[in-house]
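> sequence unknown, structure follows:
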């Protein structure tokens with residue numbers, strides 16, 4: 001029996017001569033399947049056919065359930081079971097929807113399934129694809145296919161997936177065996193490339209935190225000659241070569257080379273471990289080596305560069321160097337002598353010392369550098385000690401060829417400059433002009449300044465400026481309580497004196513407060529307290545039993561000059577043999593638009609003169625006018641002070657009494673005028 005399946009492009013059933021018995025024909029236009037039995041062509045699945053249970057059992061009630069189609073050979077070629085599962089080369093159709101079993105024997109290779117393109121002349125990059133998707137062809141989930149890349153059937157295997165409705169290539173195996181993930185032209189056996197805007201990541205993940213993730217590197221002799229291992233239980237990464245661990249990066253970021261438990265950021269362990277530093281531009285090799293418990297620094301070990309040094313830099317600046325002659329320079333790049341220490345018993349010893357128990361209890365004294373945070377010291381602290389175990393020993397500083405003492409710190413902590421018996425924490429002896437000089441620069445003909453400060457209540461704050469000086473070539477200025485941007489200003493500056501030169505207690509006599517008020521004999525700006533107050537709001541003098549202000553001059557003349565905006569407004573003058581006079585400027589040269597004064601008698605007669613008792617009992621009784629009453633007659637003589645109270649200009653007791661007298665006199669005049677008019681018969 002023939003096993004050919006033919007396709008028919010035309011519409012309708014094939015002719016009997018078109019088919020052999022048992023052949024299948026597919027009508028692609030009408031989606032129908034035909035076959036031939038005997039001389040009859042029939043539609044598979046239509047009414048009619050042969051006996052039940054045979055290939056020709058094609059009745060509506062007995063659909064096609066053939067257990068196999070043979071090709072006149074001894075075995076079944078195609079099996080379609082009642083569940084519509086298909087077997088090719090096998091009668092067991094229970095594994096999958098379609099099962100293909102090759103006929104290969106004796107280990108020979110065989111193609112079990114061929115998916116070929118109908119075009120006999122493939123173009124470069126033309127693809128042949130197998131589709132995986134939804135029934136009916138409405139959607140493609142993924143595709144596997146091949147593409148022709150040129151040459152003699154050079155091809156690549158493609159894997160595509162659907163993302164948001166777009167099917168795109170995700171993986172490719174080229175004709176040379178290279179694998180590209182999101183990469184059409186992989187440059188090696190495995191080449192991964194991320195999409196634009198996303199990170200490229202390679203994950204090696206275990207199923208349990210106790211498992212390890214490993215990447216092995218091998219060759220023909222060993223498949224595990226090297227590897228990178230991540231130990232999840234300790235969160236450390238290990239690097240091995242020649243099957244031995246060489247380096248480890250632990251969970252805290254410490255790196256160990258030859259050490260599996262690194263205790264610092266870089267921990268080297270081995271026989272005389274050495275770090276090699278080679279300069280490829282100027283030549284020369286340097287080493288840092290741990291040798292027999294010691295640290296050895298090598299500079300230009302092969303002596304290929306002249307005048308090599310070992311330098312030490314801090315904050316970008318060289319602080320110390322050892323030159324090629326063995327000289328040590330600290331804060332100088334040109335040392336001209338050696339540093340010598342510990343020559344004999346007369347020398348100080350510069351040593352790194354264990355100060356956990358305090359400074360040494362014996363010995364001649366020395367300069368020590370603490371080697372640990374212990375004993376009240378921090379590691380690296382430098383300690384200068386006079387002879388230990390002996391009282392009244394000081395640290396002395398000498399200069400000059402005559403070995404003259406310039407400064408000392410005694411056993412009580414006092415510092416003396418040109419003084420051997422300090423009486424204070426800082427005791428300076430010298431000429432008046434230069435006992436203490438403060439400056440912010442040493443350049444000639446440049447502005448200079450200096451300050452003296454005290455600590456602020458809050459440690460984090462700038463210190464409080466006490467006194468400072470500034471010279472800029474025009475003025476020599478002294479600042480008290482501030483004036484510089486580098487410190488906090490004083491809020492109060494107070495001045496104190498005592499009754500005699502042996503009194504330790506003292507009393508405040510004057511102060512300048514935070515508002516700039518000058519207070520003498522008082523500590524606040526209240527006008528009731530005795531004392532003087534000079535500020536932006538005016539000058540206030542208060543005294544209980546004496547005149548608050550006394551002005552004296554040796555001869556007659558002006559004692560107070562009153563001015564406004566630079567214009568003289570009046571004076572208070574002391575006169576010989578006469579009372580002081582208060583005068584105001586009245587020179588015609590100061591005036592314009594001079595006319596006869598308007599009548600004032602009715603206004604004067606309208607003024608109400610009053611007597612009263614002040615609410616402030618200390619002021620007693622008063623007389624004059626009430627500002628609100630005068631304001632209706634002479635508003636220009638009434639003004640409001642800073643406290644919102646109304647005041648009256650030029651109204652003392654004498655003015656009040658004169659006004660009252662004028663009013664009384666006017667009443668008499670009016671009465672006399674009335675009598676005269678009566679006598680005249682008017």
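Structure's in. What do you need? Everything quoted here is computed from the prediction, not taken from an experiment. Numbering: from 1, shown residues only.

> quick one: the strands in the stretch 151-300 of the chain?
Taking DSSP state E, counting those that start in this stretch as the criterion, the stretch 151-300 of the chain carries its strands at 154-163, 166-173, 179-181, 190-192, 212-217, 226-231, 236-241, 244-249, 255-257, 266-268, 274-278, 285-291, 294-298.

> Would you convert the ones you listed into JSON lines that also reports distance to residue 457?
To be clear about C-beta, it is placed using only N, CA and C from the backbone, and glycine gets the same treatment. As requested, the strands of the stretch 151-300 of the chain are exported to JSON lines (distance: least, Cβ to Cβ, whole Å):
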{"stretch": "strand 154-163", "distance to residue 457": "66"}
{"stretch": "strand 166-173", "distance to residue 457": "69"}
{"stretch": "strand 179-181", "distance to residue 457": "66"}
{"stretch": "strand 190-192", "distance to residue 457": "63"}
{"stretch": "strand 212-217", "distance to residue 457": "58"}
{"stretch": "strand 226-231", "distance to residue 457": "54"}
{"stretch": "strand 236-241", "distance to residue 457": "50"}
{"stretch": "strand 244-249", "distance to residue 457": "49"}
{"stretch": "strand 255-257", "distance to residue 457": "47"}
{"stretch": "strand 266-268", "distance to residue 457": "45"}
{"stretch": "strand 274-278", "distance to residue 457": "50"}
{"stretch": "strand 285-291", "distance to residue 457": "48"}
{"stretch": "strand 294-298", "distance to residue 457": "46"}
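
> Residue 524: which of those strands is closest?
Among the strands of the stretch 151-300 of the chain, strand 266-268 comes nearest to residue 524, with 66.4 Å by Cβ to Cβ.

> Run through who's touching the closest one.
Contact with strand 266-268 is made by 254-259, 275, 290, as judged by Cβ atoms under 8 Å, 6 or more residues apart in numbering.

> let's go with 10 Å and repeat that
Residues from elsewhere that reach strand 266-268, judged by Cβ atoms under 10 Å, 6 or more residues apart in numbering: 247-248, 250, 254-262, 273-275, 288-290.

> Run the chain-centre distance for that strand.
How far strand 266-268 lies from its chain's middle: 31 Å, per Cα atoms, centre = their mean, to the nearest Å.

> Same question for stretch 184-200.
With Cα atoms, centre = their mean, you get 36 Å for stretch 184-200.

> do you know how far the nearest residue to residue 448 once chain neighbours are set aside is from residue 407?
Distance criterion Cβ to Cβ, 6 or more residues apart in numbering; nearest residue to residue 448, sequence neighbours excluded, is residue 439 at 5.0 Å. From residue 439 across to residue 407, the span is 19 Å (Cβ to Cβ, to the nearest Å).

> worst-scoring helix or strand of this protein, pLDDT-wise?
The weakest-scoring helix or strand in the chain, judged by mean pLDDT, DSSP states H and E, is strand 350-353 (a mean of 51).

> Helices along the stretch 551-682 of the chain, start to end?
Assigned by DSSP state H, counting those that start in this stretch, the stretch 551-682 of the chain shows helices spanning 601-606, 627-631, 653-679.

> Tell me which residue lies nearest the centroid of the protein.
residue 460 (19.2 Å; Cα atoms, centre = their mean).

> Any quick ChimeraX command for the buried ones out of the contacts of strand 266-268?
A single ChimeraX command selects the buried members of the contacts of strand 266-268 (16 or more other Cβ atoms under 10 Å):
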select :247,248,250,254,255,256,257,259,262,290
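
> Domain parsing of this protein, as residue ranges.
Taking automatic domain parsing as the reference, the chain has its domains at 5-100, 125-198, 601-674.

> so where does residue 21 fall, helix or strand?
Following DSSP states H and E, one finds residue 21 outside all helices and strands.

> Which pLDDT value goes with it?
Predicted confidence (pLDDT) for residue 21: 78.

> swap in residue 221?
90.

> May I have the phi/psi pair for it?
Per-residue torsions, residue 221: phi -90, psi -30 (degrees, to the nearest 10).

> residue contacts, the closest residue to residue 320 other than its chain neighbours?
Distances taken as Cβ to Cβ, 6+ apart place residue 312 nearest to residue 320, at 4.2 Å, with adjacent residues excluded. By Cβ under 10 Å, 6+ apart, residue 312 lies in contact with 318-322, 330.

> Residue 253 now?
262, 265.

> if I look at it, how far off is residue 232?
Here residue 253 is placed at a distance of 17 Å from residue 232 (Cβ to Cβ).

> and what of residue 41?
Counting by Cβ to Cβ - residue 41 and residue 232 are separated by 70 Å.

> ok, back up a step: need the domains of the chain in CSV with mean neighbour count and distance to residue 429, can you?
What follows is the domains of the chain, written out as CSV (neighbours: other Cβ atoms under 10 Å; distance: least, Cβ to Cβ, whole Å):
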stretch, mean neighbour count, distance to residue 429
domain 5-100, 14, 109
domain 125-198, 13, 76
domain 601-674, 12, 54
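
> Can you give me the distance of residue 92 to residue 98?
12 Å.

> swap in residue 522?
112 Å.

> One more: residue 210?
For residue 210, the distance to residue 98 (Cβ to Cβ) stands at 43 Å.

> which residues sit in contact with residue 664?
Applying Cβ under 10 Å, 6+ apart, we find residue 664 in contact with no residue.

> Give me the pLDDT for it.
At residue 664, the model reports a pLDDT of 88.

> Of the contacts of residue 312, which belong to strands?
Members of the contacts of residue 312 lying in strands (criterion: DSSP state E): 318-322, 330.

> any idea of the pLDDT on the closest residue to residue 620 other than its chain neighbours?
Counting by Cβ to Cβ, 6+ apart, residue 620 lies nearest to residue 614, which is 6.4 Å off, once chain neighbours are set aside. Predicted confidence (pLDDT) for residue 614: 88.
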